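Chemist: turn this into a model:
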Amino acid sequence: MAQADVMRAAAGLTESKDAYIPNLNFGSSLGYSYGFPLGEPSVFNVSSQSLLFTFSQPDYIRSARAAVRSAEFSLKDAREQVILDASLDYIQLDKAQQTLAALDQEKQYADKLVSIEEDRVLAGVENRIELTKAKLTAAQIDLKRIHARNDAEMVRQQLAHLTGLPATSFVTNPNSIPSTPQSPFTLEENQPTAMQNAGVQAAQANAKSKLYVAFGDSRQIFRPQLYAGGNYSLFAKFNNYNEFYQHFQYNNFDIGVSIKVTLFDASLKARERRSAADAAHAAAQADQARNAASEQISQLQKSVTELTAQQRVAQLQAELAQEQLDAIDTQLNNGSGSPNGPVLTPKDEQQARIQERQRYEDVLDANYAVLRAELSLMRSTGSIEDWAKSGPQ
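Modeler: Residues are numbered from 1 along each chain as shown. A predicted model of the protein is given here:
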């Protein structure tokens, strides 16, 4: 749709320039007449007319050029949005596949924990509450697996719609995802980076186009308009022209310049007011788009900072869970080394493995949240296409 808008704007620019190119018309007004010939019955006629000069047409051409720039910026904005959508869907699909792999392992640990609890209940060393807790954990993991599979299928459908490829053809590779800039934009850069937003640039170019139209409409009254024209007609011989005109001839040609000065035209004055209002509206929209982009950039910068801190917490929790699991494995294999230390069981091992997988899933979620915010920030500042083309690092 954005590409069609560019083509439409380009055609509008050509149309505004072509007003200076003479047109060419061919016609005929054959007819029978009795008595004094009325009108101008001609076998055929060829006419041509073109604009020579008006004060308004150069402004309309400038307006059309600005409209083309606005459409081009809108196309860039649409392309960047598609890049963002496709990138986030691809990254989300990759995360969903990694999450499913972790959940499959977690499911194995949960099933083993249920088996251990059943044996402990049968041996009389554990009450049924612990067995129910283990079953609940396994059921919750099953639910998470269903959610993850559904999310993956939904993202596959979205990618299929964005790319035109079959939904089953997508195989993700984490190494194919380019890395984001190491340091996010600073808050002081809000204003200049907002001006790089393609949507803001499109709104400003549109406001400029409307302003040129308003200026051109304001110069229609009390200013001359010059047109050049020519006409050739071959008059019919059967309409009695030679009986009523002393010097009748069949071949007729005229060429000249038409000058028109509009002294009063209510419709033109109304159009002038309308175009002035359109220009004011477009200028306000451009200001609004710039302010919205600046606010969005500021909010995304704060979100990146906050999400990065959450990511660090999730990573440390995952490291702690892994260290606790390693400690449990060591004690189960070699003993605690302390006669007064707690006695660890295979139940503790499975619980630690489940917790370690859960913390790993939290890291995947935190990484995706940070990356999504960073890509949204690059989308707002007009740099996401460069990121997408940079390739993996």
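Chemist: so which bits of stretch 21-39 are buried?
Modeler: residue 37 (16 or more other C-beta atoms under 10 Å). Where C-beta positions appear, they are placed from N, C-alpha and C, glycine not excepted.
Chemist: next: stretch 169-179.
Modeler: Buried, per 16+ other C-beta under 10 Å, within stretch 169-179: 170, 172, 177.
Chemist: who's in contact with the residue lying closest to residue 75 once chain neighbours are set aside?
Modeler: Leaving aside its chain neighbours, residue 75 sits nearest to residue 2 (4.1 Å; criterion: C-beta to C-beta, 6 or more residues apart in numbering). Residue 2 is in contact with 71, 74, 75, 77, 78, 79, counting by C-beta atoms under 8 Å, 6 or more residues apart in numbering.
Chemist: number of nearby residues for the third one?
Modeler: By the other C-beta atoms under 10 Å criterion, the neighbourhood of residue 75 contains 19 residues.
Chemist: am I right that it is in a strand?
Modeler: No: counting by DSSP: H, G, I helix; E, B strand; the rest coil, residue 75 is not part of a strand but helix.
Chemist: all strands in this structure, in order from the N-terminus.
Modeler: Remark: strands assigned in the chain by DSSP state E are 25-27, 42-53, 224-235, 251-261.
Chemist: out of those, which is closest to residue 218?
Modeler: strand 224-235 (14.7 Å; C-beta to C-beta).
Chemist: packing partners for the closest one?
Modeler: Identification of packing neighbours for strand 224-235 by 3 or more C-beta pairs under 8 Å, 6 or more residues apart in numbering; DSSP states H and E yields strand 42-53, strand 251-261.
Chemist: the shortest one pairs with which strands, parallel or anti?
Modeler: The one in question is strand 251-261. Sheet pairing of strand 251-261 (DSSP bridges) gives strand 224-235 (antiparallel).
Chemist: average pLDDT for the strand it pairs with, rounded please.
Modeler: Averaging pLDDT along strand 224-235 gives 94.
Chemist: before we move on, what about stretch 384-393?
Modeler: Rounded mean pLDDT across stretch 384-393 is 83.
Chemist: which outside residues touch that stretch?
Modeler: 76, 79-80, 83-84, 87, 175-180, 375, 378.
Chemist: for it, which positions count as buried?
Modeler: Across stretch 384-393, burial judged by 16+ other C-beta under 10 Å covers 384, 385, 387, 388.
Chemist: ditto for stretch 144-158
Modeler: Under 16+ other C-beta under 10 Å, the buried positions of stretch 144-158 are 144, 145, 148, 151, 152, 155, 156, 158.
Chemist: so, low pLDDT: which residues of this protein?
Modeler: 182-192, 335-343, 392-393 (pLDDT under 70).
Chemist: helices along that one, start to end?
Modeler: Taking DSSP state H to define them, one finds helices in the chain at 2-17, 57-123, 128-163, 190-194, 198-217, 241-244, 266-334, 346-380, 384-390.
Chemist: the first one to helix 198-217, inter-axis angle?
Modeler: So that's helix 2-17. Relative orientation of helix 2-17 with respect to helix 198-217: 20 degrees, computed using axes from the mean of the first three to the mean of the last three C-alpha atoms, to 10 degrees.
Chemist: quick one: helix 2-17 to chain centroid distance?
Modeler: 20 Å (C-alpha atoms, centre = their mean, to the nearest Å).
Chemist: do the same with the last one
Modeler: Computed by C-alpha atoms, centre = their mean, the separation of helix 384-390 from the middle of its chain amounts to 15 Å.
Chemist: so how many other residues sit close to the nearest residue to residue 102 once chain neighbours are set aside?
Modeler: Of all residues not flanking residue 102 in the chain, residue 357 sits nearest, at 5.0 Å (C-beta to C-beta, 6+ apart). The number of residues packed near residue 357 is 25, by other C-beta under 10 Å.
Chemist: ok, now which ones touch residue 357?
Modeler: 102, 103, 105, 106, 109.
Chemist: the second one and residue 3, how far apart?
Modeler: The one in question is residue 103. 42 Å (C-beta to C-beta, to the nearest Å).
Chemist: of these two, give the one with the bigger neighbour count.
Modeler: residue 103 (22 against 12).
Chemist: name the nearest residue to that one, ignoring sequence neighbours.
Modeler: Residue 103 sits nearest to residue 145 (C-beta to C-beta, 6+ apart), 4.7 Å away.
Chemist: what's the one you found in contact with, if anything?
Modeler: 100, 103, 104, 107.
Chemist: dump stretch 68-83 to CSV, restricted to CA.
Modeler: Output of stretch 68-83 as CSV, limited to C-alpha atoms (Å, rounded to 0.1, in the frame of the first residue of the first chain):
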residue,chain,number,x,y,z
VAL,A,68,6.4,12.4,-3.2
ARG,A,69,9.0,12.9,-0.4
SER,A,70,6.2,12.3,2.2
ALA,A,71,5.1,9.1,0.4
GLU,A,72,8.7,7.9,0.2
PHE,A,73,9.2,8.5,4.0
SER,A,74,5.9,6.7,4.6
LEU,A,75,7.2,3.8,2.5
LYS,A,76,10.3,3.7,4.6
ASP,A,77,8.3,3.9,7.8
ALA,A,78,6.1,0.9,6.6
ARG,A,79,9.2,-1.1,5.6
GLU,A,80,10.8,-0.5,9.0
GLN,A,81,7.6,-1.6,10.7
VAL,A,82,7.5,-4.8,8.7
ILE,A,83,11.2,-5.4,9.5
